[in-house]
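A.B. asks: I need the structure of the sequence given here:
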Amino acid sequence: MHRHHHQPRHQQDKQNQHQQRKRNINSNYRLNNCHSIAATILFLICMPWSSMKTGTNNNSNNNYVLAFMTAGPSRVIGSGGTQHKSSSRNERNDNDNDYDKDKNQKQIIVVGGGLAGLSVSLGLVKLGYRVHIVERRHDWGKRKGGTYLMQPNAIRALEKVCQEAMDPLYEMGVPVPNSECKMYAWWMVRDSLLKQVMLMNNNISLHMGWSFSDIEDDHPDFIKARFTRTQQTQTQKDDDGTNTQIDNEAEDVLDLTGIMLVGADGVHSAVRASLDLAPATQTGSVCWRGSISITDDDDDDDDDAIDNNNINNARKLLAPLLTSPLLTTGKMVLGYIKCGPYCVVGLKSFHSKYPGVMTWTVNTKEPDAAVKFSHPRDALGAYLDSITKNDNDDDDDDDEENKKTASLIEAVLELADPEELHHSLPFVTIGLPEENQDENANVNVNANGTTGWGGTGRVTLIGDAAHAMRSAGGQGGAMAFEDCVVLARILEQTQALSGGNANDNDKDSDNDTVDDVHHTRASIETAVLEFENSRLPRVRTIWNDQWERAERAYKGDFKPSRTEEDELKYQAWVDKGV
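C.D. replies: Have a look, this model is predicted:
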């Protein structure tokens with residue numbers, strides 16, 4: 001079977017560095033710290049944010065990490081893969097060493113270098129496989145983005161996948177009161193996983209700047225995937241002074257082979273598209289998110305006094321709220337404010353671990369919001385204006401609470417990074433097949449006659465590529481980590497049935513075939529189906545729950561719809577994990 005991804009996506013990497021002004025916050029304390037790549041992953045994991053200085057690196061042991069972080073698209077950590085020039089994307093070199101049967105019995109291809117891709121690779125290496133991670137981006141980009149709430153089932157899953165990756169996260173996370181959850185900047189988790197991946201460079205190869213193109217799944221011993229260079233867009237200044245964007249066409253081709261391919265390439269998955277599965281659909285919600293600092297940076301610059309005054313007033317207004325991770329003040333409940341019929345604003349404090357740091361989100365479900373609004377203040381305008389105009393003589397308590405809430409929102413917008421204020425994210429999900437239990441088999445057969453969530457042959461999907469869900473409590477990431485645990489568990493069982501283990505117990509021996517597993521095409525196809533079918537009922541239940549919670553939040557209802565007893569039972573089931 002030869003599958004093409006007809007329209008591979010190309011994300012244009014932003015090259016222009018944002019110029020900081022007074023309102024753009026001291027980078028030493030910001031969750032979206034855009035510090036130089038020289039402040040490496042190892043340094044990040046070992047040191048608190050307040051110890052990091054932009055553009056500095058005093059740890060000579062981080063050179064290895066730095067070399068990879070700053071690498072261009074041709075940089076590969078580890079070995080393997082056939083890379084060659086090709087004037088035709090369909091040209092093949094059948095004499096490549098990729099066709100070595102013994103090597104392919106130990107290799108697995110993972111598409112995507114996010115949380116799911118890094119995690120599943122670490123789990124597979126523990127079973128003795130050699131893994132190729134192929135990432136579309138040319139580099140890891142800025143450490144920006146919102147809060148990741150790691151639920152207990154996510155923590156338990158990551159402990160099973162790679163305890164070494166979880167160890168530094170225990171201390172880095174901000175505990176959420178009355179729960180086992182911890183809050184992180186999402187890139188903290190990514191960097192901890194990435195550190196472990198790079199420490200295993202003998203068994204994991206990272207290929208940066210390659211876009212998935214197509215799959216060949218017709219050989220009895222292996223599956224073959226082809227990747228092409230991800231285009232990079234550069235800006236060229238014309239004679240008349242205008243800027244023109246130029247896409248650099250690249251003809252380089254990367255061919256990889258292995259016993260299976262795991263699509264972990266996110267909501268807009270190219271692997272998913274190659275399987276002719278339904279794409280992600282928009283939920284109708286749009287989000288802006290970022291982080292701010294309440295700490296005065298004391299920098300001397302040329303900002304005018306009025307601007308400084310506004311910033312200082314905003315900091316003074318927000319500073320008293322830093323006492324709890326989930327803020328409750330004014331109209332805010334557990335860190336969320338319902339703002340009019342369409343909007344929800346979220347504020348969370350990282351102050352207990354990272355002094356002065358807060359994260360913020362603005363979500364709206366107003367129709368056509370992605371088209372109508374370029375800034376969160378546009379989405380919140382009607383709500384803020386209604387409070388300003390509602391200046392009753394009675395000045396009752398409710399009016400005072402509304403004014404206090406509006407002031408908090410204005411303070412957040414005053415301190416927020418302009419780049420984040422102008423970057424909106426339309427929420428999308430990937431629906432799961434409707435359940436249609438086959439009476440004659442102990443599997444869930446989907447309404448269209450297929451099983452699982454769409455993987456076929458020796459190709460499976462995990463994380464958001466398989467089941468992207470509403471953002472209502474961190475279960476999207478938790479489901480990805482659980483996928484990694486269950487896939488590794490089933491492959492381990494498949495190894496036992498196939499004659500051994502991919503691990504070589506004699507670490508000093510060059511003979512890698514002593515205890516090698518000998519997979520057949522049928523055994524991998526069976527493993528794919530078993531993995532997806534075993535995961536589908538649990539993921540479907542949690543997917544539906546997250547959708548319901550998100551919808552209720554837009555109505556200002558942040559409490560569970562179940563009875564207290566049922567909610568406790570449900571949460572215990574979720575928290576137990578896999």
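A.B. asks: least trustworthy helix or strand in the chain by mean pLDDT?
C.D. replies: Lowest on mean pLDDT, DSSP states H and E among the helices and strands of the chain sits helix 41-46, with a mean of 32.
A.B. asks: now the helices: where do they sit in the stretch 51-200 of the chain?
C.D. replies: Remark: helices assigned in the stretch 51-200 of the chain by DSSP state H, counting those that start in this stretch are 63-69, 101-104, 115-126, 152-161, 163-172, 186-199.
A.B. asks: right, and the ones you listed - which one's nearest residue 552?
C.D. replies: Distance to residue 552, taken as Cβ to Cβ, is lowest for helix 152-161 among the helices of the stretch 51-200 of the chain, at 21.4 Å. All C-beta atoms are positioned from the backbone trio N, CA, C, and that covers glycine.
A.B. asks: what's the angle from the closest one to helix 115-126?
C.D. replies: 30 degrees (axes from the mean of the first three to the mean of the last three Cα atoms, to 10 degrees).
A.B. asks: ok, what's across the strand from residue 456?
C.D. replies: Counting by DSSP bridges, residue 456 forms beta bridges with residue 459.
A.B. asks: number of nearby residues for it?
C.D. replies: The tally of other residues near residue 456 (other Cβ atoms under 10 Å) stands at 20.
A.B. asks: surely it and residue 274 touch.
C.D. replies: No - taking contacts as Cβ atoms under 8 Å, residue 456 lies outside contact range of residue 274: 10.3 Å.
A.B. asks: what is residue 429 paired to in the beta sheet?
C.D. replies: residue 281.
A.B. asks: same thing with residue 207?
C.D. replies: residue 76, residue 134.
A.B. asks: that one reaches residue 136, doesn't it?
C.D. replies: No - using Cβ under 8 Å, residue 207 is not in contact with residue 136, being 10.0 Å away.
A.B. asks: now do the buried residues in stretch 154-173.
C.D. replies: 154-162, 165-166, 168-169, 172-173 (16 or more other Cβ atoms under 10 Å).
A.B. asks: run through the stretch 251-400 of the chain and note the low-pLDDT ranges.
C.D. replies: Residue ranges of the stretch 251-400 of the chain with pLDDT under 70: 251, 296-307, 328-331, 390-397.
A.B. asks: quick one: the helices in it?
C.D. replies: 270-274, 305-318, 369-372, 376-389, 397-415.
A.B. asks: what's the most buried one of those?
C.D. replies: helix 270-274 (a mean of 24; mean count of other Cβ atoms under 10 Å).
A.B. asks: now stretch 539-554: average pLDDT?
C.D. replies: Stretch 539-554 carries an average pLDDT of 91.
A.B. asks: contacts for it, please.
C.D. replies: Outside stretch 539-554, the residues within contact range by Cβ atoms under 8 Å, 6 or more residues apart in numbering are 283, 285, 336, 338, 342, 344, 363, 365, 429, 432, 435, 453, 466-467, 469-473, 475-476, 479, 558-561, 570, 574.
A.B. asks: stretch 148-165 too?
C.D. replies: Contacts for stretch 148-165 (Cβ under 8 Å, 6+ apart): 119-120, 122-123, 126, 166, 169, 173, 176, 179-186, 188-189, 192-193, 195-196, 473-475, 477-478, 481-482, 484-485, 488, 574-578.
A.B. asks: could I have it exported to PDB, CA atoms only?
C.D. replies: The C-alpha trace of stretch 148-165 is given here as PDB (Å, rounded to 0.1, in the frame of the first residue of the first chain):
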ATOM      1  CA  TYR A 148      -0.200  22.600  31.300                       C
ATOM      2  CA  LEU A 149      -2.200  21.100  34.200                       C
ATOM      3  CA  MET A 150      -0.800  17.600  34.800                       C
ATOM      4  CA  GLN A 151      -3.400  15.400  36.200                       C
ATOM      5  CA  PRO A 152      -2.700  12.400  38.500                       C
ATOM      6  CA  ASN A 153      -3.200   9.900  35.700                       C
ATOM      7  CA  ALA A 154      -0.800  11.800  33.500                       C
ATOM      8  CA  ILE A 155       1.800  11.800  36.300                       C
ATOM      9  CA  ARG A 156       1.400   8.000  36.800                       C
ATOM     10  CA  ALA A 157       1.600   7.400  33.000                       C
ATOM     11  CA  LEU A 158       4.800   9.400  32.600                       C
ATOM     12  CA  GLU A 159       6.300   7.600  35.600                       C
ATOM     13  CA  LYS A 160       5.800   4.300  33.700                       C
ATOM     14  CA  VAL A 161       7.100   5.700  30.400                       C
ATOM     15  CA  CYS A 162      10.200   7.300  31.800                       C
ATOM     16  CA  GLN A 163      10.700   7.900  35.500                       C
ATOM     17  CA  GLU A 164      13.900   9.900  34.800                       C
ATOM     18  CA  ALA A 165      11.800  12.500  32.900                       C
END
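A.B. asks: any idea of the mean pLDDT in that stretch?
C.D. replies: Stretch 148-165 comes out at a mean pLDDT of 96.
A.B. asks: what stretches of the stretch 1-150 of the chain score poorly on pLDDT?
C.D. replies: 1-105, 145.
A.B. asks: residues in contact with residue 360?
C.D. replies: Counted by Cβ under 8 Å, 6+ apart, residue 360 has contacts 289-292, 345-348, 412, 416.
A.B. asks: let me know the distance separating it from residue 147.
C.D. replies: Residue 360 sits 9 Å away from residue 147, going by Cβ to Cβ, to the nearest Å.
A.B. asks: mutual contacts of these two, please.
C.D. replies: Contacts common to residue 360 and residue 147, judged by Cβ under 8 Å, 6+ apart, are residue 348.
A.B. asks: rewinding a little: of all the buried residues of stretch 154-173, which comes closest to residue 266?
C.D. replies: For the buried residues of stretch 154-173, the nearest to residue 266 is residue 154 (17.3 Å; Cβ to Cβ).
A.B. asks: now do stretch 150-169: distance from first to last residue.
C.D. replies: Separation of the first and last residues of stretch 150-169 by Cα to Cα, to the nearest Å is 10 Å.
A.B. asks: no, scratch that, I was asking about stretch 136-148
C.D. replies: 23 Å.
A.B. asks: picking up where we left off before, with distance to residue 261 added, can I get the helices of the stretch 51-200 of the chain in TSV?
C.D. replies: Below are these laid out as TSV (distance: least, Cβ to Cβ, whole Å):
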stretch	distance to residue 261
helix 63-69	23
helix 101-104	12
helix 115-126	11
helix 152-161	19
helix 163-172	23
helix 186-199	18
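A.B. asks: right, so of the ones you listed, which gets closest to residue 353?
C.D. replies: Here helix 163-172 is closest among those (Cβ to Cβ), at 7.1 Å.
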